[in-house]
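Peer 1: Sequence plus the predicted model coming up.
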Amino acid sequence: MNNLLGRLLGSILGQNKAWWVEIKTSQPACTYYFGPFDSESEAHAAKGGYIEDLEQEGAHNIQTLVQLCSFPEQLTITDEWDTPLGGFTAPAFGRS
């Protein structure tokens with residue numbers, strides 16, 4: 001738990017990178033970020049549950065990406081007016 005808390009605080013301060021699951025849906029047009037995770041395999045193992053939840057809520061065209069990056073500025077971004085159906089926008093955080 002201390003390791004996770006330290007990574008979360010470090011990510012917020014821009015000092016560390018962690019593994020995140022990015023999920024984009026076309027209906028509703030949203031981008032969701034789940035994490036931080038300590039490893040890529042941990043993030044991949046968790047993403048199925050997030051996908052299942054979104055499918056049960058009626059989300060369509062679900063696309064996922066697991067990536068090592070800094071803490072996202074927002075964990076949920078509604079893209080309904082900015083993104084064509086199924087399109088992607090720039091990430092809400094920096095990659096390296």
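Peer 2: Yep, that arrived. The structure presented is a predicted model; accordingly, all values stated were derived computationally and were not measured.
Peer 1: Does the longest helix along the chain pack against any helices or strands, and if so which?
Peer 2: Counting residues, the longest helix found in the chain (DSSP state H) is helix 40-56. Helix 40-56 sits against strand 18-26, strand 29-37, strand 63-69, with contacts defined as 3 or more Cβ pairs under 8 Å, 6 or more residues apart in numbering; DSSP states H and E. All C-beta spots, glycine's among them, are computed from the backbone N, C-alpha and C.
Peer 1: Pairing partners for the second one, with directions?
Peer 2: I take that to be strand 29-37. strand 18-26 (antiparallel), strand 76-78 (antiparallel) (DSSP bridges).
Peer 1: Would you tell me which one of the ones you listed is buried the most?
Peer 2: Across these, averaging neighbours per residue (mean count of other Cβ atoms under 10 Å) puts strand 18-26 on top, at a mean of 21.
Peer 1: okay, the angle between that strand and helix 40-56?
Peer 2: Interaxial angle of strand 18-26 relative to helix 40-56 (axes from the mean of the first three to the mean of the last three Cα atoms, to 10 degrees): 20 degrees.
Peer 1: Between strand 63-69 and strand 18-26, find me the angle.
Peer 2: Using the same axes, to 10 degrees: strand 18-26 against strand 63-69 is 150 degrees.
Peer 1: average pLDDT for strand 18-26?
Peer 2: Mean pLDDT, strand 18-26: 96.
Peer 1: what do you get for stretch 72-92?
Peer 2: If you average the pLDDT values across stretch 72-92, you get 64.
Peer 1: among the helices and strands packed on helix 40-56, which is nearest E55?
Peer 2: Checking the helices and strands packed on helix 40-56 against E55 by Cβ to Cβ gives strand 18-26 as the closest, at 9.6 Å.
Peer 1: Can I get that closest one in CSV? Just the C-alpha atoms.
Peer 2: Taking Å, rounded to 0.1, in the frame of the first residue of the first chain, the C-alpha atoms of strand 18-26 are listed here in CSV:
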residue,chain,number,x,y,z
ALA,A,18,3.3,4.6,-13.7
TRP,A,19,1.3,2.2,-15.8
TRP,A,20,-2.2,3.4,-16.8
VAL,A,21,-5.1,1.9,-18.7
GLU,A,22,-6.6,4.4,-21.2
ILE,A,23,-10.1,3.4,-22.4
LYS,A,24,-11.9,5.3,-25.1
THR,A,25,-15.6,4.8,-26.1
SER,A,26,-17.6,6.2,-29.0
